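Peer 1: here are the coordinates; sequence isn't available:
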């Protein structure tokens, strides 16, 4: 776990901030993210481990979609966890932990984009693998049980969806990814993106309309 080692190695003064490795506050049974973060603020490293395991994939997925360069993704994710550690003394469980974490990551990405003004919005989303995308859970079968023809069909569907999402305007794409791939509510997305919930709702509506139109056009083109 590179982030774990990153913190324990002493970056951002982890070693000198009362983190001895002793598990101080964890109790048995599930804990909310916010409760775990408060334990981590008090020096409980096991609480950080649990938070990292819960959110590492979702955070990586979000940044992969938003970053115009795949090589930035690891850097932004690492910096986000390090910034979370550095800001632990100021943490207040006002908003949800995931909202707080995603805000940190989004701000770091914005900083990089400002430094690299020559990059274009059309590049955003290039690092995402189409096989990882779905707008709904598929419980019908797994790649091991589907036929080769079915696997090919699913791959083609994912590719079409991937291309359609990449073509969306950045703000609509961001809202769609946060809702459909990360499971955030309208209110959470509004906090992360610093816009009213009604604006988020509009972005999602336009995004879905454009996706349906593009996918329909692609399908019609195949049979033309």
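Peer 2: Nice, I can see it. The structure displayed is predicted, hence computed values, not measured ones. Numbers count the residues shown, from 1 in each chain.

Peer 1: What is the neighbour count of residue 158?
Peer 2: 16 (other Cβ atoms under 10 Å). Where C-beta positions appear, they are placed from N, C-alpha and C, glycine not excepted.

Peer 1: got the buried residues for the host helix or strand of it?
Peer 2: Assessed by DSSP states H and E, residue 158 sits inside helix 148-166. Residues of helix 148-166 classed as buried: 154, 158, 160, 161, 162, 164, 165, 166 (neighbour count, 16 or more other Cβ atoms under 10 Å).

Peer 1: Dump the residues you listed to a markdown table, plus distance to residue 47 and pLDDT.
Peer 2: Below are those laid out as a markdown table (distance: Cβ to Cβ, whole Å; pLDDT from 0 to 100):
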| residue | distance to residue 47 | pLDDT |
| --- | --- | --- |
| 154 | 38 | 68 |
| 158 | 36 | 73 |
| 160 | 42 | 79 |
| 161 | 36 | 81 |
| 162 | 36 | 83 |
| 164 | 40 | 86 |
| 165 | 34 | 88 |
| 166 | 37 | 86 |
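
Peer 1: Just send those residues back as TSV, with distance to residue 78 too.
Peer 2: Below are the buried residues of helix 148-166 laid out as TSV (distance: Cβ to Cβ, whole Å):
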residue	distance to residue 78
154	32
158	28
160	33
161	29
162	25
164	30
165	25
166	25
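
Peer 1: What is the nearest of those to residue 202?
Peer 2: Nearest to residue 202 out of the buried residues of helix 148-166 is residue 165 (Cβ to Cβ; 17.6 Å).

Peer 1: now the closest one: how far from residue 184?
Peer 2: Residue 165 sits 16 Å away from residue 184 when distances are taken as Cβ to Cβ, to the nearest Å.
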